[in-house]
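In: let's see this in three dimensions:
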Amino acid sequence: MFNLGSMLNLGSTEPVVGKAHTIVEHSASAVFQYLADGLFENYPQWSPEVKELEKITLGPVQLGTEGRQVRIDQGRRTESKFKISAYEPGARLTLLGISDPFRCTYELQAINPERSTKLTFSFELLEILPIMRPFEGLVRVAIKDGAERTVQNIKRLLEAEKSKQAS
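Out: Numbering: from 1, shown residues only. As a prediction, this is how the structure comes out:
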């Protein structure tokens, strides 16, 4: 079958996915509370690329809550709107881009209840703009590195808070 895209080396139209995991010395419910319920206070802490963050909808963070963010990634400023498309206490939080094609998922699995949790973060760029396709390899590396940095930042922040509370 004739595929002009591959002949011109325009890159794939498959999502670009970065995924990473770590063990956090906290209960799944505490990690979820930090990530989901504290999203609009804590997100800029674990993702310093976020320069502005606001909740658009009223009420507590829940399924359907919408937000707006301004990020500076690799010197490039982007503004996007997102909504919470999965909100499962102690298990999963998913942010889905409204204005841009992305999905971020934070999955939690209790390893030792009340003591440690496996945190898996995935970022999916659901579509690459045609102008960015020649740089798809670099985009993939940046997304993978970003996923690793995200889980390490969350782990560091949560465990530092736990040690402050213990002393």
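
In: C-alpha from now on. contacts and neighbour counts both.
Out: Will do.

In: which residue ranges of this structure form strands?
Out: 16-24, 50-55, 66-73, 76-88, 92-97, 102-112, 116-125 (DSSP state E).

In: export those to TSV and tack on mean neighbour count?
Out: Output for these, formatted as TSV (neighbours: other Cα atoms under 10 Å):
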stretch	mean neighbour count
strand 16-24	19
strand 50-55	16
strand 66-73	18
strand 76-88	17
strand 92-97	22
strand 102-112	20
strand 116-125	22
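
In: out of these, which comes closest to A142?
Out: strand 16-24 (8.5 Å; Cα to Cα).

In: tell me the angle of that closest one relative to strand 116-125?
Out: Relative orientation of strand 16-24 versus strand 116-125 (axes from the mean of the first three to the mean of the last three Cα atoms, to 10 degrees): 170 degrees.

In: packing partners of strand 16-24?
Out: Strand 16-24 is packed against strand 116-125, helix 136-166, with contacts defined by 3 or more Cα pairs under 8 Å, 6 or more residues apart in numbering; DSSP states H and E.

In: note down every partner strand of it and its orientation.
Out: strand 116-125 (antiparallel) (DSSP bridges).

In: next one: the strand it pairs with to chain centre, how far?
Out: Relative to its parent chain, strand 116-125 has a centroid offset of 8 Å by Cα atoms, centre = their mean, to the nearest Å.

In: what angle do it and strand 92-97 make?
Out: 20 degrees.

In: V141: which of the strands of the chain is closest?
Out: strand 16-24 (8.2 Å).

In: could I get the average pLDDT for that closest one?
Out: When pLDDT is averaged along strand 16-24, the result is 93.

In: before we move on, what about stretch 37-51?
Out: Stretch 37-51 comes out at a mean pLDDT of 95.

In: can you give me the end-to-end distance of that stretch?
Out: Chord length of stretch 37-51, first to last residue, is 20 Å (Cα to Cα, to the nearest Å).

In: buried residues in it?
Out: Neighbour-count burial for stretch 37-51 flags D37, L39, F40, Y43, P44, W46, S47, E49, V50 (criterion: 16 or more other Cα atoms under 10 Å).

In: in CSV, list the residues you listed along with distance to K144.
Out: As requested, the buried residues of stretch 37-51 are exported to CSV (distance: Cα to Cα, whole Å):
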residue, distance to K144
D37, 26
L39, 22
F40, 24
Y43, 18
P44, 19
W46, 16
S47, 14
E49, 15
V50, 18
